[in-house]
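Student: just to be clear, the model below is a prediction. Sequence and coordinates:
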Amino acid sequence: MATTPNGRTNDGPPRIEAIDRAMQILEVLAKAGADGTSLSELSEVTKISKPTAYRALATMRARGFVSQSKGGEYRLGPHALGLTESYFSKDNLQRALHPVLLELSRRTAELVHLGAWDGPEVVYLDKVEPTSRAIRVWSAVGQRVPAASSALGRALLSAGHETPDDLRYFIESLPADRHVSHERLVEAIEEARATGFSGEFEENEPGVACMGFPLMRGDRAVAAISITSVSERMTPERRRDLQKLVRTQLPRLLPEGIALFKPTGSPADA
């Protein structure tokens with residue numbers, strides 16, 4: 001690839017060679033995983049000379065982007081690994097997903113919440129109320145709801161790897177006024193895994209029904225979105241319409257790196 005004196009390639013925008021090499025090295029280290037790779041292997045894969053690669057690695061080690069094992073293998077450092085977690089922190093998720101909540105509330109004319117884990121509970125990170133009609137449901141950003149009785153919590157649980165025995169912890173953490181059995185929670189999680197959405201009908205609050213949808217980063221649920229309505233309006237037909245709307249419209253609204261949970265089956269209610 002020919003390069004002009006100002007660093008501009010013939011087939012693209014200008015590139016800074018040192019930064020380009022560093023990006024190549026980070027990509028190789030990411031693929032190498034926890035085992036890491038040697039300087040020789042890294043140089044061979046990237047076609048970067050050993051002295052140049054060594055200097056780049058030394059610089060990135062000083063900044064925490066690269067670490068080195070006792071055996072000499074290089075791997076991603078804590079700073080590099082922490083970048084993704086910072087990007088998908090609760091505060092950043094709230095900002096990134098607020099436009100999604102606005103659009104979903106507009107299209108459904110319902111109250112929409114964004115929630116994330118907080119121990120055995122889920123904390124509301126954001127909410128958008130419909131503008132087209134009044135609602136009879138109270139909630140607040142920062143409010144916590146039990147995972148076992150809420151659609152948000154069940155959505156997050158369905159996207160995880162909790163076994164029926166693991167779910168007992170969430171039942172034991174329920175407040176006294178939430179009457180959800182272990183059997184009911186197991187059933188709800190199995191259904192949510194099969195359909196791709198969770199549900200609760202007056203199990204978290206009288207007169208209120210919700211649907212929850214897990215939001216994934218890779219194979220891990222980072223948050224969930226719920227649609228909340230008065231129970232009399234949340235008929236089976238309404239649930240099917242809302243599920244179809246979310247499945248067809250939400251993916252194109254989500255920010256890069258976030259996706260809907262993929263269901264494992266197609267039960268009759270899907």
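Tutor: Looks like it arrived, so ask away.

Student: what sits up against stretch 51-67?
Tutor: Residues outside stretch 51-67 that contact it (CB atoms under 8 Å, 6 or more residues apart in numbering): 18, 21-22, 25-26, 29, 39, 42-43, 46, 48, 68, 74-80. Placement of C-beta: from N, CA and C, glycine included.

Student: so of those residues, which ones are in strands?
Tutor: Using DSSP state E, the subset of these located in strands is 68, 74-76.

Student: you'd agree Leu97 is up against Ala223?
Tutor: Yes. Leu97 lies in contact with Ala223 (CB atoms under 8 Å); the separation is 7.2 Å.

Student: which residues are in contact with both of those two?
Tutor: Common neighbours of Leu97 and Ala223 (CB under 8 Å, 6+ apart) are 114, 215.

Student: neighbour-wise, which of those two wins?
Tutor: Ala223 (26 against 22; other CB atoms under 10 Å).

Student: what ranges in the stretch 51-200 of the chain fall below the confidence cut-off?
Tutor: The stretch 51-200 of the chain contains residues with pLDDT under 70 at 81-91, 134-136.

Student: hey, where'd the strands end up in it?
Tutor: 66-68, 74-76, 111-118, 121-128, 144-146, 198-201 (DSSP state E, counting those that start in this stretch).

Student: distance between the third one and the chain's centre?
Tutor: Between the centre of strand 111-118 and the centre of its host chain there is 12 Å, according to CA atoms, centre = their mean, to the nearest Å.

Student: got the buried residues for it?
Tutor: Judged by neighbour count (16 or more other CB atoms under 10 Å), strand 111-118 contains these buried residues: 111-117.

Student: what does the first one give?
Tutor: Neighbour counts using 16+ other CB under 10 Å place 66-67 of strand 66-68 among the buried residues.

Student: just checking: what are the partner strands of it?
Tutor: When pairing is defined by DSSP bridges, strand 66-68 lines up against strand 74-76 (antiparallel).

Student: please apply the same query to the third one.
Tutor: Sheet pairing of strand 111-118 (DSSP bridges) gives strand 121-128 (antiparallel), strand 220-230 (antiparallel).

Student: and the ones you listed as JSON lines, adding distance to Leu245?
Tutor: Listed next are those as JSON lines, based on distance: least, CB to CB, whole Å:
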{"stretch": "strand 121-128", "distance to Leu245": "15"}
{"stretch": "strand 220-230", "distance to Leu245": "9"}
